[in-house]
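A.B. asks: could you work out the structure for the sequence below:
(chains A, B, C and D)
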Protein chains: 2
Amino acid sequence: MKEKTVVSNSAAKPQAKTSEKKRQILLVALQCFTEQGVAGTTIDMIREASGMSVGSLYHHFGNKDKIAAAVFIQGMREFGSLLRRYLAAVEAEAVGEEKEEANRKVELGVKAVVYANVDWIADNPVWARFVFQHRSIVAAAGAEVKLSGDMQRFYQQLTSWFKPYAKQNMLKPLPVELLSSLISGPCHDYARHWLAGRYETPLSEYREQFADAAWNAVKAV
Amino acid sequence: MKEKTVVSNSAAKPQAKTSEKKRQILLVALQCFTEQGVAGTTIDMIREASGMSVGSLYHHFGNKDKIAAAVFIQGMREFGSLLRRYLAAVEAEAVGEEKEEANRKVELGVKAVVYANVDWIADNPVWARFVFQHRSIVAAAGAEVKLSGDMQRFYQQLTSWFKPYAKQNMLKPLPVELLSSLISGPCHDYARHWLAGRYETPLSEYREQFADAAWNAVKAV
DNA sequence: TTATTTTCTAGAATAATATTCTAGTAATTG
DNA sequence: CAATTACTAGAATATTATTCTAGAAAATAA
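C.D. replies: Numbers count the residues shown, from 1 in each chain, chains lettered A, B, ... in the order given. Predicted coordinates for the structure are as follows:
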């Protein structure tokens, strides 16, 4: 049902059509993976659901595991962008330089991390479920390099946000990895169970509890 | 290299030989899955490594996913048995009935859960890695019924241990699922990263920190 | 513009793997 | 001891992933 002649879109971004198509394929694949599991979905299902050909799929992604890895990476990117927005909002809000102000700011930062997690998971349960369950597929697909670039930047942003506060002893004197697990661990643990249908009460219901617990766990005594 | 004639073992448990053989297969499968990933290991690899025939594998397990599910279940069983031992030890140790004594006991109980996790993961990293990464395969294999029996008993034991203390307001007035995530979440989060090689410092190094954090997160104020 | 190169699409052909099936052997039970 | 049930084996089959060849579309150079 397309027009016979398509107006030139040379003014638009080059490859925009292709990249949009790839994004579409990833969404379709996510759907299949969610419904049938990664092992249970065949290339043919993705081909049919996406309206592509086998050749195109392999041209764009390489193999099935790499499709799954691409889905994972896409999901993490989307979460990362939300997290950055939440942290930037904290940054923008508080402007003072006094000790009290700074203290309030770390707390907001820690809680922003929790809120970003809770909100993204609650709003994107399908992505979240996939991301939680399939991190290991990235390594299996050999897509680590591509991921680690994103991830390293991601973690670096996070840690660099908190480092100054840690230095001023506004956080417990613990390694950043440990702080990170204390902040996100409980929320992630609950999210896994909830997304798998093992817990009834929605994650978002405990938004404040997770934020408070996180701050309580890492604030300096 | 087996003896030509095997002495009768009719006095031993029936099917003991079979069940031991199945356990062996699961160990071999775990090894393969760890080295190649579940998707990357073929039935033939398991057949070869275990010295069985394809027919036997299918006879015992049904299909590949069910082998993986059985590995998962076996891992959880072994962890569960350790956790029970740790909780029983707390139970045995403190005998008094006074308020102080009881208070101390909850704390030991909460910490015992963390210790059981840290110790089992540290001592069984291969099992632990598999268990963390492949819970979802159980559902995919349709082995949920078998698992949920074990798991339900498992969670019930846990919650029934804590319920009396929660009633006496010695724990924060939160749902048990939430308490559970607050206790185990940070430790599990760190363990995932460590087992995947993303963190250097061994989980066990932070044993006390995780235990303290857990108690701090759930003790009544 | 037209020529040339690159990227993408298609689907048939092939290869790898999972699963089933048939037949036979050991173990258990009545 | 006979009958039944549990197990083993590996060839035959079915499913599915992946490769390959050829052509269409898009981008780029002339």
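
A.B. asks: tell me the pLDDT of A:Ser148.
C.D. replies: You'll see A:Ser148 listed with a pLDDT of 76.

A.B. asks: that one in helix, strand or coil?
C.D. replies: Put simply, A:Ser148 is helix when judged by DSSP: H, G, I helix; E, B strand; the rest coil.

A.B. asks: give me the distance between it and DNA strand D.
C.D. replies: Plainly put, A:Ser148 is 22 Å away from DNA strand D if you go by CB to the nearest atom of the strand, to the nearest Å. For glycine as for every other residue, the C-beta is placed from the backbone atoms N, C-alpha and C.

A.B. asks: just checking, what packs against the helix or strand hosting A:Leu26?
C.D. replies: A:Leu26 is part of helix A:16-36 when elements are defined by DSSP states H and E. Where contact means 3 or more CB pairs under 8 Å, 6 or more residues apart in numbering or on different chains; DSSP states H and E, helix A:16-36 is packed against helix A:43-50, helix A:54-61, helix A:64-93, helix A:125-133.

A.B. asks: who's in contact with that helix?
C.D. replies: A:9, A:41, A:45-46, A:49-50, A:52, A:57, A:60-61, A:67-68, A:70-71, A:74-75, A:126-127, A:129-130, A:134 (CB atoms under 8 Å, 6 or more residues apart in numbering or on different chains).

A.B. asks: picking that back up, so can I have TSV of the helices and strands packed on helix A:16-36 showing distance to B:Arg198, mean pLDDT and mean neighbour count?
C.D. replies: Putting the helices and strands packed on helix A:16-36 into TSV (distance: least, CB to CB, whole Å; pLDDT from 0 to 100; neighbours: other CB atoms under 10 Å in any protein chain shown) gives the following:
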stretch	distance to B:Arg198	mean pLDDT	mean neighbour count
helix A:43-50	29	98	16
helix A:54-61	25	97	15
helix A:64-93	14	93	18
helix A:125-133	15	97	20
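
A.B. asks: so can I have JSON lines of the ones you listed showing distance to B:Ala211?
C.D. replies: What follows is the helices and strands packed on helix A:16-36, written out as JSON lines (distance: least, CB to CB, whole Å):
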{"stretch": "helix A:43-50", "distance to B:Ala211": "46"}
{"stretch": "helix A:54-61", "distance to B:Ala211": "44"}
{"stretch": "helix A:64-93", "distance to B:Ala211": "29"}
{"stretch": "helix A:125-133", "distance to B:Ala211": "25"}
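
A.B. asks: reformat the ones you listed as CSV; add distance to DNA strand C.
C.D. replies: What follows is the helices and strands packed on helix A:16-36, written out as CSV (distance: least, CB to the nearest atom of the strand, whole Å):
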stretch, distance to DNA strand C
helix A:43-50, 8
helix A:54-61, 2
helix A:64-93, 12
helix A:125-133, 20
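
A.B. asks: ok, which of the ones you listed comes nearest A:Asn216?
C.D. replies: When those are compared by CB to CB, helix A:64-93 sits nearest A:Asn216, at 18.2 Å.

A.B. asks: where does chain A have its least confident helix or strand?
C.D. replies: helix A:144-167 (a mean of 83; mean pLDDT, DSSP states H and E).

A.B. asks: what comes into contact with it?
C.D. replies: Applying CB under 8 Å, 6+ apart, the external contacts of helix A:144-167 come out as A:69, A:72-73, A:76-77, A:80, A:83-84, A:87, A:102, A:105-106, A:109-110, A:113, A:138, A:171, A:173, A:176, A:179-180.

A.B. asks: could you report the distance from the residue nearest to A:Trp194 when sequence neighbours are not counted to B:Ala217?
C.D. replies: Excluding its sequence neighbours, the residue lying closest to A:Trp194 (CB to CB, 6 or more residues apart in numbering or on different chains) is A:Leu203, at 5.0 Å. Note on A:Leu203: its distance to B:Ala217, by CB to CB, to the nearest Å, is 17 Å.

A.B. asks: please apply the same query to A:Arg207.
C.D. replies: Applying CB to CB, the value for A:Arg207 to B:Ala217 is 16 Å.

A.B. asks: ok, now A:Cys187?
C.D. replies: On the measure of CB to CB, A:Cys187 and B:Ala217 end up 12 Å apart.

A.B. asks: now swap in A:Leu30 and tell me
C.D. replies: As for A:Leu30, its distance to B:Ala217 is 34 Å (criterion: CB to CB).

A.B. asks: swap in A:Ala211?
C.D. replies: 13 Å.

A.B. asks: go on, A:Gln156?
C.D. replies: From A:Gln156 across to B:Ala217, the span is 28 Å (CB to CB).

A.B. asks: mind checking which of these two has more residues around it?
C.D. replies: Per other CB atoms under 10 Å in any protein chain shown, whichever of A:Gln156 and B:Ala217 has more neighbours is B:Ala217, with 24 against 11.

A.B. asks: so the more buried one sits right up against A:Ala217, yeah?
C.D. replies: Yes - shown here, B:Ala217 and A:Ala217 form a contact pair, counting by CB atoms under 8 Å, at 6.1 Å.
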